[in-house]
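**Student:** turn this into a structure:
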Amino acid sequence: MSVPEMVSHMCSAYRKQARNVSLITSVESRLLSDLVLADQGQELNEDGDSIAIVGGELFNKGAQAMTFTVVDQMTKRYPEKDVYLLSGRDYERDQNEKDQYAFDILPWGPEVQLSLLSPELNPVNTKSYSKRAHEAVRSVVTDCSMLIDINGFALSSQMGAKTSFTYLTNIVLAKEYDVPMYVFPQSIGPFEYSTEMKLFLNPLIQTYLTFPQIVCPREQAGVEALAPYTQSNVQREFDIVLQTEDYDLDNIYISKPDFERKDLKSDAVGIVPNSKVFDRADDEEIYSLYEEAIGELLDTGRSIYIFRHSIGDLDICRNIKDRFDEMDDVRLFEDDFDAPELEQVIDQCDFLIASRYHSIVHAYKHGVPVIAIGWAVKYEELLDEFGQSEYFYEGRDRIDTDAFVDSIGQMSEKWEHESESVQEKLKMVRRNDLFSQLFEN
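**Tutor:** A predicted model of the protein is given here:
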């Protein structure tokens, strides 16, 4: 690294550190103010022209599916309002790519949060986004009728104190700008922070989790984690992707993409791995498990399709395929499918062997049963709710290969029965969907 590059790197690191300290100071200042004024009423702005989404993004297909679902449903209900996705990663996409969407994408993250809370500090501590971008976000937030949080899993000690702080800062901002906030179905908790982090985060959790109009944990474990902090605005709900039917693509895309249809054989089984399982287990054991599973499927005459549900899983998909490189009945899709394309592929499978949470959600949305390898309580609770708990395997523990292979044999014989069971539960889930509860005019 050259001297100029080293100086630039050090300056960047310093600015980031200064920004983070400034953001913490700004949030703590708001906390003290809100504690002093706790008994005073607050009039919220419900008449703004904007609807803003935080916690969503378009790289991970589960997050993309939640984003598309909210955009679609809110556009149907409020066609006169502008919908915005606030996402730092997606804001960095090529402009031509962003222009295909019927919703706007603006930057988000600690830099933008600081700009909104303490604009006087912005020239010193923020450098990533233009003045115009910051002004655009401020204009949206100032004229916002609702802020909808669709994080999949963020407010938890398992995701780290920094992620929890960023999450809570979103609520601080909603309160600061008098914006009604809705925390849509997601995994929440546990809150098992270190003693130092508890002293820092607990006052924020205690003060601000009562502000949203509704907080929707997907799991009972989330309801229990929230109980010491708030109960009156807590309502357990299934994932929003399960609660709705097909997207109206006209609400998502300015011009509908020309999706290439993948035609699967009639005996198809999908394989959807997850790098997070590999992070928590022995790689070779998991690869061997997939090898045994695919071998069993081939023995019963099945056609296997391996595909990713998140941008980071492609190498794992390739590695699984490499073990069956010469076999035409084991096919790898390397495509970076959008959520509607993934649903079209999954809908053609008899069943999945899946590890991405929203690949299971997408499967159940189309009545497709799943043998799941999970790494968090959300998997176990989802399968249990759908009467499919016998097909759940905990990826953080060593999985009994014989039992797993037996499950594949059982599913191969009973997939039609299991599909009917999943579809019956899905009808119950959709009888009183969250959008209708909250936003029926």
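**Student:** next, the buried residues of stretch 274-293.
**Tutor:** Asn274, Ser275, Lys276, Val277, Phe278, Ala281, Ile286, Tyr287, Leu289, Tyr290, Ala293 (16 or more other C-beta atoms under 10 Å). C-beta coordinates here come from the backbone N, C-alpha and C atoms, glycine included.
**Student:** out of those, which one sits closest to Ser194?
**Tutor:** Nearest to Ser194 among the buried residues of stretch 274-293: Lys276, at 22.5 Å, using C-beta to C-beta.
**Student:** quick one, what contacts the nearest residue to the closest one once chain neighbours are set aside?
**Tutor:** Nearest in space to Lys276, with sequence neighbours left out and distances taken as C-beta to C-beta, 6 or more residues apart in numbering, is Trp375 at 5.3 Å. By C-beta atoms under 8 Å, 6 or more residues apart in numbering, Trp375 lies in contact with Asn274, Lys276, Val277, Arg280, Ser355, Glu394, Gly395, Arg396.
**Student:** which of the buried residues of stretch 274-293 fall in helices?
**Tutor:** Per DSSP state H, helices hold the following members of these: Ser275, Lys276, Val277, Phe278, Ile286, Tyr287, Leu289, Tyr290, Ala293.
**Student:** wait, isn't the first one in contact with Ile311?
**Tutor:** No. The pair Ser275 / Ile311 is not scored as a contact, 10.1 Å apart, by C-beta atoms under 8 Å.
**Student:** would you map the helices across the stretch 251-400 of the chain?
**Tutor:** Assigned by DSSP state H, counting those that start in this stretch, the helices in the stretch 251-400 of the chain fall at 275-279, 283-299, 314-322, 339-346, 357-365, 377-385.
**Student:** export those as JSON lines, with columns for mean pLDDT and distance to Met428.
**Tutor:** JSON lines is the format used below for those (pLDDT from 0 to 100; distance: least, C-beta to C-beta, whole Å):
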{"stretch": "helix 275-279", "mean pLDDT": "94", "distance to Met428": "29"}
{"stretch": "helix 283-299", "mean pLDDT": "96", "distance to Met428": "31"}
{"stretch": "helix 314-322", "mean pLDDT": "97", "distance to Met428": "34"}
{"stretch": "helix 339-346", "mean pLDDT": "96", "distance to Met428": "21"}
{"stretch": "helix 357-365", "mean pLDDT": "97", "distance to Met428": "12"}
{"stretch": "helix 377-385", "mean pLDDT": "96", "distance to Met428": "10"}
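**Student:** checking Glu413 next. Helix, strand or coil?
**Tutor:** With DSSP: H, G, I helix; E, B strand; the rest coil as the basis, Glu413 sits in helix.
**Student:** quick check: what element follows the host helix or strand of Lys76 along the chain?
**Tutor:** Element membership for Lys76 (DSSP states H and E) is helix 61-77. Note on helix 61-77: by DSSP H and E, the next helix or strand toward the C-terminus is strand 82-86.
**Student:** who are the packing partners of the strand or helix carrying Ile408?
**Tutor:** Ile408 is part of helix 401-429 when elements are defined by DSSP H and E. In terms of contacts (3 or more C-beta pairs under 8 Å, 6 or more residues apart in numbering; DSSP states H and E), helix 401-429 is packed against helix 240-243, helix 283-299, strand 351-354, helix 357-365, strand 370-374.
**Student:** residues of that helix that come out buried?
**Tutor:** Judged by neighbour count using 16+ other C-beta under 10 Å, the buried positions of helix 401-429 are 404-405, 407-408, 411-412, 415, 418-419, 421-422, 425-426, 429.
**Student:** sounds good, over and out.
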